[in-house]
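>>> coordinates only, sequence not included:
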């Protein structure tokens, strides 16, 4: 199904969107081409998605410009490191979990209904695209961390069930606000990032866990389509697309896929920070790197992944 999109609402995690969360402030620095707090050297995936549907770069919910007419093209509710579960990513400082992102969306919808009134607001919301990519962080930033009890309370199958049941409920919450078009991305192959891969081989344990989640997520989307035919739910196979990009990196022009352009893990002791901090010197040939830092894709990789998503998914 090809969407007619007038607005883009984003609920997403740091695996694709890099926001500054430390200190409690979340800032979407969309206009910084080399922005130190975006965890990317340029555009992130959703920037390219917005371009493809003819929309500008979006303000974050926390941004002072995200009010009045500035919200009419959409708002970004993302929070770096956040997940479906409330505790996910807390070690990074202040994060905004999925449920809280939806609460922020609800406030924006209330504001829009006041601005647009009646049927105009209803039509406006029905033509908005909700871009959702969440769930991957719940594994490295929760389940597989010893400080969290999740792995003692659930096996991997039970944990995936827990996450996707919550996911489904949250999507229905969003639908209840009047939104009808959803682009739902698989969790990416996080085991292939430089911080977690070894000797050009992805971390099979992490990727297997994420694939369990994706299998259930795909089933959730299928059920949503069946039960809510007046809404559109598109499932984007981003795991397989990026895994193919990783496996065939050279064919896409990437000479380096196991190291970060800036920051990342380096040396036999693997002690360097995974992100690109201020005053860290990046690589000179960043378009040849699949990853910007130890956990996040480069601008060049995001551009190609967006094109692959667009060619395989109708939105």
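That came through, no problem. Because the structure is predicted, anything quoted here is derived from the model rather than measured.

>>> can you give me the helices in this protein?
With DSSP state H as the criterion, the chain has helices at 45-52, 98-116, 118-126, 150-153, 156-175, 204-227, 238-247, 299-312.

>>> just list what the second one packs against, helices and strands only.
Secondary structure elements in contact with helix 98-116, counted by 3 or more Cβ pairs under 8 Å, 6 or more residues apart in numbering; DSSP states H and E, are strand 7-12, helix 118-126, helix 156-175. For glycine as for every other residue, the C-beta is placed from the backbone atoms N, C-alpha and C.

>>> deepest in the core, which of the ones you listed is it.
Most buried of these, by mean neighbour count (mean count of other Cβ atoms under 10 Å): strand 7-12, with a mean of 24.

>>> quick check: mean pLDDT of that strand?
Strand 7-12 shows a mean pLDDT of 61.

>>> rewinding a little: okay, the helices and strands packed on helix 98-116 in a markdown table with distance to residue 232 next?
Compiled in a markdown table, the helices and strands packed on helix 98-116 are given as follows (distance: least, Cβ to Cβ, whole Å):
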| stretch | distance to residue 232 |
| --- | --- |
| strand 7-12 | 14 |
| helix 118-126 | 10 |
| helix 156-175 | 11 |
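
>>> between the ones you listed, which one is nearest to residue 229?
Closest to residue 229 of these is helix 156-175 (Cβ to Cβ; 12.3 Å).

>>> want to throw the helices of the chain into JSON lines with mean pLDDT and distance to residue 254?
Listed next are the helices of the chain as JSON lines, based on pLDDT from 0 to 100; distance: least, Cβ to Cβ, whole Å:
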{"stretch": "helix 45-52", "mean pLDDT": "86", "distance to residue 254": "16"}
{"stretch": "helix 98-116", "mean pLDDT": "90", "distance to residue 254": "31"}
{"stretch": "helix 118-126", "mean pLDDT": "89", "distance to residue 254": "39"}
{"stretch": "helix 150-153", "mean pLDDT": "97", "distance to residue 254": "34"}
{"stretch": "helix 156-175", "mean pLDDT": "98", "distance to residue 254": "30"}
{"stretch": "helix 204-227", "mean pLDDT": "98", "distance to residue 254": "19"}
{"stretch": "helix 238-247", "mean pLDDT": "96", "distance to residue 254": "8"}
{"stretch": "helix 299-312", "mean pLDDT": "95", "distance to residue 254": "7"}
